[in-house]
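Enquirer: What shape does this take:
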Amino acid sequence: MSRDLSENLRLLCSYHTSIAEVCRQLGANRSQFNRYLNGQTLPSLRVMRKICDFFGVEEAELLMPHAQFRELIRLKPPSGPTDIERNQLRRISEDVLAASLPKLDAYAGYYFTYYNSMSHPGRVLKGLTKIYPTAHSMNLKTLEVIGRRGRGGFTCKYQGSCFMLGDRLFITAMEMLTRNEVIQIILYPSYTHRIRHLSGIMSGVSAHATRAPAATQIAMEFLGPRIDRRGALEYCGLFAPDDPQVPPNMRAMISGQSDPTSHLLMAAPG
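Expert: Got it, this is the predicted structure:
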């Protein structure tokens, strides 16, 4: 197996300027990498994954008999630098999402979301969000109702993924009807056993012709794992900040007030 692996590695390296260049881009020790090429030792599982990401091949392919691997490479040349970066970023993203799943189980369920509208100054936009698990990630869907549906109003739909990193909850979602906006939300986690609300910062663009990038505070009110969705949507829409549909604690979290000594827009801790 080690002989096939070493020959397969040498074949992959032949598509690059030099072995030294491969080691530099891979971040590998040259003398240790030479041991792999000479069949003196096998890479660890961690190093094997790194090598496979770099060359754009699977581990099972790299361990194929050399004649079979040579034919495979003839039909599918190794990745170029752009493909290498894409493979590495994809693997990093997958690892982060997978590591986040156990930490995000408690956040699954339905929420009312509140934030200052980027397109209607002075109004609070209240939407309905669902956070739910899949086999490989924790996903999100949000519905926002602007005006009365069927009477000149419209609905915005966002879909995205959630992950936990550095004790913060990150959400990235795309507007699915026009596909011309991606929003990024960063939330404080819940520090209590029972989730009641979350707060953070959301960035996106306004729906005006200028499409100005903007950021605002956001608050999420937990409703439960199962709700009457149709009934909940009746409570969504654009509201004045003092409207009864905007609870006082949610209003306080999106008031725009932050640390007076800072020039930054800060999230209000929940």
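Enquirer: and residue 34, that one's in a helix?
Expert: Yes: counting by DSSP: H, G, I helix; E, B strand; the rest coil, residue 34 falls inside a helix.
Enquirer: ok, now which ones touch it?
Expert: Listed by CB atoms under 8 Å, 6 or more residues apart in numbering, the contact set of residue 34 reads residue 19. Backbone N, C-alpha and C define where each C-beta goes, glycine included.
Enquirer: make it 10 Å
Expert: With contacts defined as CB atoms under 10 Å, 6 or more residues apart in numbering, residue 34 is in contact with 6, 19, 23, 28, 40.
Enquirer: Mind listing what's buried along stretch 21-30?
Expert: In terms of neighbour count (16 or more other CB atoms under 10 Å), stretch 21-30 has its buried residues at 22, 23, 26, 28.
Enquirer: Kindly reformat these as CSV containing secondary structure, pLDDT and distance to residue 54.
Expert: Shown next, in CSV, are the buried residues of stretch 21-30 (DSSP: H, G, I helix; E, B strand; the rest coil; pLDDT from 0 to 100; distance: CB to CB, whole Å):
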residue, secondary structure, pLDDT, distance to residue 54
22, helix, 88, 8
23, helix, 90, 10
26, helix, 84, 5
28, coil, 89, 9
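Enquirer: residue boundaries of the helices in this protein?
Expert: Secondary structure of the chain, counting by DSSP state H: helices at 2-13, 19-26, 30-37, 45-55, 59-62, 66-75, 81-104, 229-233, 248-253.
Enquirer: Residue 169 is nearest to which of the ones you listed?
Expert: Closest approach to residue 169 among the helices of the chain (CB to CB): helix 81-104, 7.6 Å.
Enquirer: Per the annotation, how does the protein divide into domains?
Expert: As given by automatic domain parsing, the domain ranges for the chain are 2-79, 104-253.
Enquirer: Can you add distance to residue 269 and give those back as TSV?
Expert: Formatted as TSV, the domains of the chain follow (distance: least, CB to CB, whole Å):
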stretch	distance to residue 269
domain 2-79	38
domain 104-253	6
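Enquirer: so which of those domains comes closest to residue 267?
Expert: Residue 267 lies closest to domain 104-253 among the domains of the chain, at 4.6 Å (CB to CB).
Enquirer: can you tell me how far residue 126 sits from residue 213?
Expert: Using CB to CB, to the nearest Å, residue 126 is found at 23 Å from residue 213.
Enquirer: repeat for residue 106
Expert: According to CB to CB, residue 106 and residue 213 sit 32 Å apart.
Enquirer: go on, residue 201?
Expert: With CB to CB as the criterion, residue 201 and residue 213 are 13 Å apart.
Enquirer: Looking at these two, which has the bigger crowd around it?
Expert: Just comparing residue 201 and residue 213: by other CB atoms under 10 Å the higher neighbour count belongs to residue 201, 20 against 10.
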